[in-house]
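Visitor: I need the structure of the sequence given here:
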Amino acid sequence: MRRLSVALAAALSACAYGFSGGGLPTHVRTVAVIPFSNETASPEITREVTDALRDGLGKRLGLRDASEEKASAIARGTIVKYEIDVPVAYSADPNQATATRRRLQIVVDVEIYDQVLGKTIWQKKSIMGEGEYSERFEAEGRKQAINRIVNEVIEGAQSQW
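Guide: This is a model prediction of the structure:
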């Protein structure tokens, strides 16, 4: 029984030391976040998603930013949907038909690719982030939605063994 416990502890510690940055392989220390392809009519969303993902991978997974040629991993993807003005709450004034709260949705496909081993580390299609905002404050809702997407990507990358 003692041997089994020692063997199990050794195996678990080997797994713990076999990966860095959560569930990423130890050789993945740098990442290049390629600007996402954008299939929407909102050009600013590309920069916002790319910057937020680069920041999240650096701060939360400890990956350093690198050029595509020098990075051990690449994060890339496509913004497939950006929908705004989904009404959430309406004004109580019956003479005023405007919504006071709105929701937006962003849907992306994401892949993290290991350039050293030449294989995909993690990928997921149709990651949806939603955000709510007051009228004329769409940027706040967009930031919420992008943060939710970044969280899902990081959690997915961390779950890899």
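Visitor: residues contacting the longest helix along the chain, please?
Guide: Looking across the chain with DSSP state H, the single longest helix is helix 138-158. Here helix 138-158 makes contact (Cβ atoms under 8 Å, 6 or more residues apart in numbering) with 21-24, 45, 48-49, 52-53, 55-57, 60-61, 75, 84, 102-106, 108, 110, 112, 121-122, 124, 127-134. No exception for glycine: its C-beta is placed from N, CA and C like everyone else's.
Visitor: buried residues, that helix. List them.
Guide: 138, 141-142, 144-146, 148-150, 152-154, 156-158 (16 or more other Cβ atoms under 10 Å).
Visitor: run a quick neighbour tally on residue 23.
Guide: 18 (other Cβ atoms under 10 Å).
Visitor: ok, now how distant is it from residue 120?
Guide: Relative to residue 120, residue 23 is positioned 14 Å away (Cβ to Cβ, to the nearest Å).
Visitor: over to residue 100?
Guide: Distance of residue 100 to residue 120, given as Cβ to Cβ: 43 Å.
Visitor: more neighbours: which of these two?
Guide: Remark: of residue 100 and residue 120, residue 100 carries more neighbours, 14 against 11, as counted by other Cβ under 10 Å.
Visitor: so that one touches residue 136, yeah?
Guide: No. Judged on Cβ atoms under 8 Å, residue 100 makes no contact with residue 136 at a distance of 10.8 Å.
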